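Q: Sequence plus the predicted model coming up.
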Amino acid sequence: MKKTLTLLCLLLSKPLFAQNCNIDYSQNQVGLYPSQLPVGTVGSTYNEDITFVLPTDTLGYDFLNFQIVSVNLPIGLSWTCNNNLNNCNYDPQTSPYGCVNINGIPLLAGAYTIEVNVLADLSIINSYPILFELELQILPASNSGTNNSFSYQVDQPCAPALATFNNQEPGLEFYSWDFGNGASSNAEHPSPQYYPNAGNYPITYTAYAQMDTALHIELTEFNLQNMSNYGENFPSFEEADPYFKVKKNGQVIYQSAVVIDQNPPLTWWPNLNLELGQNYTLEIWEADQSIGENYFGADDYIGNHSLNIGSCNGCYAGSAQIAYQIAIENINPIPSFQDTATLTLFESPLVPILQNDSTLQQLLAINTSSYLQWYWNGGPLLGQNNNSLNVQESGYYHVLSINQHGCAQSSDTLFINVDFAAINDDNSASASFHLTIDQLTKQLSIELEPELVGAQIELWQIDGRLIDAWKSVQTIENYPIDLLSGGIYLVKLSKGNVVIESKISIVH
């Protein structure tokens with residue numbers, strides 16, 4: 001029967017909200033589909049439908065009902081069954097099919113062992129408790145970014161955090177990084193960067209295949225301030241028709257337009273590109289024949305000037321007085337790759353503080369955020385998410401405080417010693433109830449005094465997890481223990497103002 005019922009171990013915890021799930025009716029063998037829970041990631045939506053096909057009998061006895069009674073999930077996850085209105089009871093004789101939907105956004109990474117409690121009714125026994133375990137892996141949040149040129153990875157989504165960077169365009173001549181935290185780098189592969197505070201950090205990346213700087217030289221403006229020695233007679237009796245030429249190493253590379261019948265001063269804007277190391281000569285002319293004034297003869301040559309890479313004012317070219325402007329500009333290399341990204345970090349919660357109330361055997365957590373998770377000997381106590389924890393076994397305890405972004409802070413770890421030798425009163429004559437174990441029948445017998453009939457009986461694991469609860473109806477209550485793991489358990493009775501606890505050790 002245990003092997004058959006193990007197929008139910010995936011039916012997970014109390015729903016926080018109603019949500020339907022889809023049954024895969026193509027499955028016709030007893031089991032769960034899929035048989036393994038997929039891995040989840042902190043901060044990412046988790047949504048999984050699980051179909052189960054129930055057994056109808058075992059060892060010749062009919063199953064009459066299965067009920068999912070309690071399961072603890074990691075913080076942020078919840079579940080609902082398709083028979084939620086009937087408190088997740090399933091009659092396999094009517095239909096063997098059912099499903100659950102696991103949904104939410106997990107907030108805390110870890111490898112979790114989920115304990116599932118199911119009650120099974122057979123034709124020979126009712127409410128037989130079954131405890132199952134299921135592994136669920138929740139990965140840390142993937143707080144990273146990528147583009148064409150670089151990527152980054154952050155160790156957690158909350159400040160303070162350390163980010164590593166990956167250059168996806170290696171082997172170039174020069175790099176420039178701005179990490180948005182006040183630091184920069186020219187390294188091909190920069191060192192990890194520390195981000196102390198929450199916020200948005202703009203990251204910029206520039207890479208150059210070559211770093212040669214170009215020099216741009218341009219004759220931007222030429223002024224003819226004054227000019228003489230042109231026309232048929234001296235002084236000239238005609239209006240000037242000036243123009244100029246620029247020669248590079250003796251070859252004409254530029255000739256301006258002629259300004260007809262206008263005496264200096266005159267201005268041109270040639271925007272002529274020049275080069276270092278070349279010989280440039282500027283010649284001044286007055287047009288006659290070239291513009292159809294043949295009666296004045298050939299164009300008049302006024303004079304020349306050797307251009308310097310710079311500017312001049314009041315310089316002479318023959319009988320002409322001139323000025324010019326030469327602009328010099330350094331042109332930086334053009335980036336081969338440019339990319340940006342924004343790294344976002346959230347606030348971390350405050351560090352929780354533990355207080356040990358040894359009188360009540362209780363740990364209290366203060367200075368906490370909206371979510372808590374208790375740990376015992378390094379493992380999470382699923383379902384223990386309140387500000388207080390009843391300590392019932394020696395060991396190392398700590399608590400995580402978690403906010404809505406999945407950012408966590410741990411308290412200090414405390415070692416709590418519980419003196420079991422002092423707890424021996426459960427078989428004394430003055431005890432209100434008496435616990436015995438019958439190893440042959442695998443039954444826990446709870447013998448009550450008559451005034452305790454009708455009391456609420458609770459069976460707890462020593463780490464504070466509730467196993468089962470029921471009301472007593474007679475002076476001797478028997479409970480099957482063959483499916484309980486070995487260890488120390490707490491039996492608690494409460495009726496009115498009377499609350500009595502006793503511990504029992506189960507050894508198989």
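A: It's in. For clarity, every value in this text was computed on a predicted model and none was experimentally measured. Numbering: from 1, shown residues only.

Q: residue contacts, the most centrally placed residue in the chain?
A: In the chain, the centroid-proximal residue (CA atoms, centre = their mean) is Asn143; its distance is 2.8 Å. If you count contacts by CB atoms under 8 Å, 6 or more residues apart in numbering, Asn143 has them with Gln153, Val154, Gln156, Pro157, Ala161. From N, CA and C alone the C-beta is placed, and that goes for glycine too.

Q: next one: Phe165
A: Phe150, Ser151, Tyr152, Trp177, Phe179, His189, Pro190, Pro192, Gln193.

Q: so which strand or helix has it?
A: Taking DSSP states H and E as the criterion, the element that holds Phe165 is strand 161-167.

Q: For that strand, give the mean pLDDT please.
A: For strand 161-167, mean pLDDT is 94.

Q: quick one on the thing from earlier: TSV please, covering the contacts of Phe165 and showing pLDDT.
A: TSV is the format used below for the contacts of Phe165 (pLDDT from 0 to 100):
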residue	pLDDT
Phe150	94
Ser151	92
Tyr152	92
Trp177	96
Phe179	96
His189	95
Pro190	96
Pro192	95
Gln193	95
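
Q: So which of those are in strands?
A: Within these, residues falling in strands by DSSP state E are Phe150, Ser151, Tyr152, Trp177, Gln193.

Q: Out of those, which comes closest to Gly31?
A: Checking those against Gly31 by CB to CB gives Ser151 as the nearest, at 41.3 Å.

Q: wait, isn't the closest one in contact with Ala163?
A: No. Between Ser151 and Ala163 there is no contact under CB atoms under 8 Å: 10.5 Å.

Q: Those two: which is more packed in?
A: More crowded of Ser151 and Ala163, by other CB atoms under 10 Å: Ala163, with 22 against 16.

Q: Let me see the contact set for that one.
A: Residues near Ala163 by CB under 8 Å, 6+ apart: Tyr152, Gln153, Val154, Asp155, Phe179, Pro192, Gln193, Tyr195, Leu343.

Q: Out of those, which two are the most distant from each other?
A: Maximum pairwise distance among the contacts of Ala163 (CB to CB): 15.1 Å, between Asp155 and Phe179.

Q: More neighbours: which of those two?
A: With neighbours defined as other CB under 10 Å, Asp155 and Phe179 compare such that Phe179 has more, 22 against 14.

Q: List the residues that contact that one.
A: By CB under 8 Å, 6+ apart, the residues touching Phe179 are Ala163, Phe165, Ser185, Pro190, Gln193, Tyr201, Ile203.

Q: what domains does the record give for this protein?
A: With domains defined by automatic domain parsing, the chain comprises 2-139, 144-212+336-345, 216-331, 353-418, 423-506.

Q: follow-up on the earlier one: for ChimeraX, write a command that selects the buried ones of the contacts of Asn143.
A: The buried subset of the contacts of Asn143, as determined by 16 or more other CB atoms under 10 Å, is captured in ChimeraX by this line:
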select :154,156,157,161
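
Q: Take the contacts of Asn143 and write them to JSON lines, including distance to Ile467.
A: What follows is the contacts of Asn143, written out as JSON lines (distance: CB to CB, whole Å):
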{"residue": "Gln153", "distance to Ile467": "42"}
{"residue": "Val154", "distance to Ile467": "41"}
{"residue": "Gln156", "distance to Ile467": "35"}
{"residue": "Pro157", "distance to Ile467": "36"}
{"residue": "Ala161", "distance to Ile467": "41"}
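
Q: ok, the contacts of Asn143 vs Thr56, which is closest?
A: Closest to Thr56, out of all of these and judged by CB to CB, is Pro157, at 47.9 Å.

Q: you'd agree Gln461 is up against Gly486?
A: No. Shown here, Gln461 and Gly486 do not form a contact pair, counting by CB under 8 Å, at 11.3 Å.

Q: Buried members of the contacts of Phe179 into ChimeraX, please.
A: Of the contacts of Phe179, the buried ones go into a single ChimeraX selection, burial set by 16+ other CB under 10 Å:
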select :163,165,190,193,201,203
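
Q: sorry, back to before: closest one to Leu363 out of the contacts of Phe165, please.
A: Among the contacts of Phe165, Pro192 lies closest to Leu363 (CB to CB), at 36.3 Å.

Q: OK, contacts around that closest one?
A: With CB under 8 Å, 6+ apart, Pro192 has these contacts: Leu162, Ala163, Thr164, Phe165.

Q: ok, it to Ser95 distance?
A: Distance, Pro192 to Ser95, using CB to CB, to the nearest Å: 57 Å.

Q: likewise Pro157?
A: For Pro157, the distance to Ser95 - CB to CB - is 44 Å.

Q: Same question for Val507.
A: Taking CB to CB, one finds Val507 at 41 Å from Ser95.

Q: who has more neighbours, those two?
A: Between Val507 and Ser95, counting by other CB under 10 Å, Ser95 is the more crowded of the two (12 against 7).

Q: who's in contact with that one?
A: No contacts exist for Ser95 under CB under 8 Å, 6+ apart.

Q: separation between it and Tyr128?
A: Distance, Ser95 to Tyr128, using CB to CB: 21 Å.

Q: what ranges do the strands span in the stretch 251-400 of the chain?
A: For the stretch 251-400 of the chain, strands defined by DSSP state E, counting those that start in this stretch occupy the ranges 251-255, 266-268, 272-274, 280-286, 300-306, 312-317, 320-331, 337-345, 353-357, 362-366, 371-376, 379-380, 388-390, 395-402.

Q: just so I know, which of those strands lies nearest Leu219?
A: Of those, the one closest to Leu219 (CB to CB) turns out to be strand 272-274, at 4.3 Å.

Q: And the lowest mean pLDDT element among the helices and strands of the protein?
A: In the chain, the helix or strand scored least confidently by mean pLDDT, DSSP states H and E is helix 2-5, which has a mean of 33.

Q: tally of neighbours for Ser191?
A: 10.
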